[in-house]
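Visitor: coordinates only, sequence not included:
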């Protein structure tokens, strides 16, 4: 494995360790009580806005949805260092859908899990629809949400087996 990849994996593991340490440090005070009604509204709003931008291929507003470094947990954790790389990754997911009779993506359910006043997990059930309105595919994932300079953004994703959504 290349040194750059190893550094990215170490960085991703540091992010996970940092999130867990922060969560544990605040475990005495209920994170749920430190979230405001505005936070509880802002996180689903940014997720729905992201899905609308993804559907429309409106990559020009992705900077309102994502922050870098961004951590993607798939088979191996990957730390994406720059926003340009995050954008390229999501274009690589969205652009090929043009050949799959794709119409739209949407979050059908979002379960918010406050961790600290500045971090949350959003368990998201999403669907992709065909042009005739039928289901193309669906899945679920955890989106790591981080609040920076007063704005919530997606800072990582962790795929989840769909049948485990909400558990």
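Guide: Cool, got the structure. Not measured: the values here are computed from a predicted model. Numbering: from 1, shown residues only.

Visitor: and residue 135, how many neighbours does it have?
Guide: 9 (other CB atoms under 10 Å). The way it works is simple: take the backbone N, C-alpha and C, and place the C-beta from them, glycine included.

Visitor: my bad, should have said residue 85
Guide: For residue 85, using other CB under 10 Å, the count is 15.

Visitor: What of the one 10 residues further on?
Guide: Burial of residue 95, expressed as a neighbour count using other CB under 10 Å, amounts to 11.

Visitor: so residue 125 is in which element?
Guide: strand 119-130 (DSSP states H and E).

Visitor: Next: residue 113.
Guide: Using DSSP H and E, the element containing residue 113 is strand 102-116.

Visitor: What mean pLDDT does stretch 130-146 get?
Guide: For stretch 130-146, mean pLDDT rounds to 94.

Visitor: Following the strand holding residue 125 in sequence, what is the next regular element?
Guide: strand 135-148.

Visitor: and that following strand, what does it pack onto?
Guide: Applying 3 or more CB pairs under 8 Å, 6 or more residues apart in numbering; DSSP states H and E, one finds that strand 135-148 contacts helix 37-56, strand 66-73, strand 102-116, strand 119-130, strand 151-160.

Visitor: Residue 90: which of those is closest?
Guide: Closest to residue 90 of those, according to CB to CB: helix 37-56, at 6.9 Å.

Visitor: Quick one: work out the angle between the closest one and strand 102-116.
Guide: 150 degrees (axes from the mean of the first three to the mean of the last three CA atoms, to 10 degrees).

Visitor: State the mean pLDDT of helix 37-56.
Guide: 96.

Visitor: wait, what's in contact with the spatially most central residue of the chain?
Guide: The chain has residue 143 as the residue nearest its centroid, 3.2 Å off, counting by CA atoms, centre = their mean. Residue 143 makes contacts with 47, 121-122, 124, 154, 156-157, as judged by CB atoms under 8 Å, 6 or more residues apart in numbering.

Visitor: With residue 126 instead?
Guide: 51, 105-108, 138-141.

Visitor: give me the beta-bridge partners of it?
Guide: residue 107, residue 139 (DSSP bridges).

Visitor: how many other residues sit next to residue 88?
Guide: 12.

Visitor: Looks to me like it is in a strand.
Guide: No - applying DSSP: H, G, I helix; E, B strand; the rest coil, one finds residue 88 to be helix, outside a strand.

Visitor: Please report how far it lies from residue 94.
Guide: 11 Å (CB to CB, to the nearest Å).

Visitor: What distance do you get for residue 44 to residue 68?
Guide: Counting by CB to CB - residue 44 and residue 68 are separated by 22 Å.
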